[in-house]
Every structure is written in C-alpha cells, then in structure tokens.
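Enquirer: Only the shape, not the letters, is given here:
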C-alpha cells in the first residue's frame, strides 16, 4: 500500500530561504505547493523536473487580496499538513526611523506583518486539524533582545508579525493546530548579505526539523532554527 505524501504549502519560495524550504521538503518526500511572485522563471522551476510531480508552483503576490482569493479558490478542498509563510522584504535596513521613507516602512509592515496574517486567515481552514501553521519571523522581532538597535523598520515589522500571530493564536485558542514563529538565524541570502555567519544549509534543514518536532503540540511558540525559545 502506497502512503500518500504529506503536503507543505510554502508562501514565498522563489529564492533564498523559501526556495531552500521547498527543496528540503521535496528531499524529505513531501508534496510541495510553492508560490512565486510574478511570472518570471525562477530557481524553483528548476526543481520541478526532478520532483516527480510532487511540486506545484502557484503565482501569488501576498500584498494583492485578489491574488490571495484566487489561489484560495484554486486550492479549495486540498489538505495542508504544513502552511509556511516565508514571504518578506527588508528595505533600507541601515536607516533609522527619522531617515526611512514612509512608503518603504509601510511596505515592510504590509508585506512582513499584515499580509502573512491575512494569508494564514485565508488558508487556515485547509490545514489539517493536527497540522502546523508557521510564519518566518526573525530574532530581530524580539523586543526583549533588542539591545543593539539597527534594522529599525525591519525589526518593527517582524515584532508586528509576532504580535499579530499572538492575537491570531488567542482568537483560535480552541484549535488543536501547532502554531510557530520561526527565527532562522542570520543567513547568507540576498536579504541577509554575504557577511552572515550561517549558510542556508546550516539553517533550513534545522528549521524543518524544528517544525517536525513540534507537530501535534497545540498553541503558539516562538523558536529559533535550533528549537530554542526566543524571548518575546
């Protein structure tokens, strides 16, 4: 008897951490539904030929409600074992709040905080009753750990994501699902930069391990890529 693979829905998978998440779940035998913004070919498309039909690529701009609604309709009736919202941006990270452009700050707040929660709200009914919902956060989203400053707009957006996720968890306190905010560490990606201490291969397999280890544990946790609790 052939066992049907579990399904991971990864939002924001065209490059960086999201691409690595898609590749890692495929490596572990999962079926993956992954989103990309725009119609250009990405490295994610290169994975499809070797995936044996286990990779679906869907277009999605998480900041466009009509895109979200259309994808929700296309996936209606599917069952997701993991919903992982990874999409995010960092704009002018070296600028303080007195220097950053208002439109840039607004975009980070929308893309990094508001849109991920809207995605979770839109798709949570498709997540299996004992499934897992994950949002990619950051150590920079920790208010308690902010002793050095820097990356002010990005920090604010990730702190907002964490707060919105706590509100979501409070509103769904009866749900048996696992809810996670994951800090992947400082990783060498386009966003993290060449000076980051971690390679994607140091972070993402451990992130997936952490998600797997928490499956079936209801409620919200804020964890890093090693499974350690991050202070709020």
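Expert: Thanks, I have it. What you are looking at is a predicted structure, and each value in this text was computed from that prediction instead of being measured.
Enquirer: Let's check: the centremost residue of the protein is which one?
Expert: The structure's the chain has its C-alpha centroid closest to residue 86; by CA atoms, centre = their mean the separation is 2.3 Å.
Enquirer: can you list the residues that contact stretch 87-100?
Expert: Outside stretch 87-100, the residues within contact range by CB atoms under 8 Å, 6 or more residues apart in numbering are 11-12, 18, 35, 37, 62, 101, 104-105, 107-108, 111-112, 115-116, 136, 150-154, 157, 191. Just so you know, the C-beta spots here come from the backbone N, C-alpha and C atoms, and that holds for glycine as well.
Enquirer: Stretch 156-173 too?
Expert: 88, 105, 108-109, 111-114, 116-117, 120-121, 124, 135, 137-138, 140-143, 179, 181, 219-220, 222, 232.
Enquirer: Can you flag the buried ones in these?
Expert: Neighbour counting by 16 or more other CB atoms under 10 Å classes 88, 105, 108-109, 111-114, 116-117, 120, 124, 135, 137-138, 140-142, 179, 181, 220, 222 among those as buried.
Enquirer: Which ones among those residues map onto strands?
Expert: Using DSSP state E to define strands, the subset of those located there is 135, 179, 181, 220, 222.
Enquirer: Now do residue 168 against residue 220, distance only.
Expert: Separation of residue 168 from residue 220 (CB to CB, to the nearest Å) stands at 8 Å.
Enquirer: Show me where the chain dips below the pLDDT cut-off.
Expert: 1-2, 188, 190-196 (pLDDT under 70).
Enquirer: and the longest helix for this protein?
Expert: Identified as the longest helix of the chain according to DSSP state H is helix 152-171.
Enquirer: one step back: whichever of the contacts of stretch 87-100 end up buried, select them in PyMOL.
Expert: Paste this into PyMOL to select the buried members of the contacts of stretch 87-100, with burial taken from 16+ other CB under 10 Å:
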select buried, resi 11+12+18+35+37+62+105+107+108+111+112+115+116+136+151+152+153+154+157+191
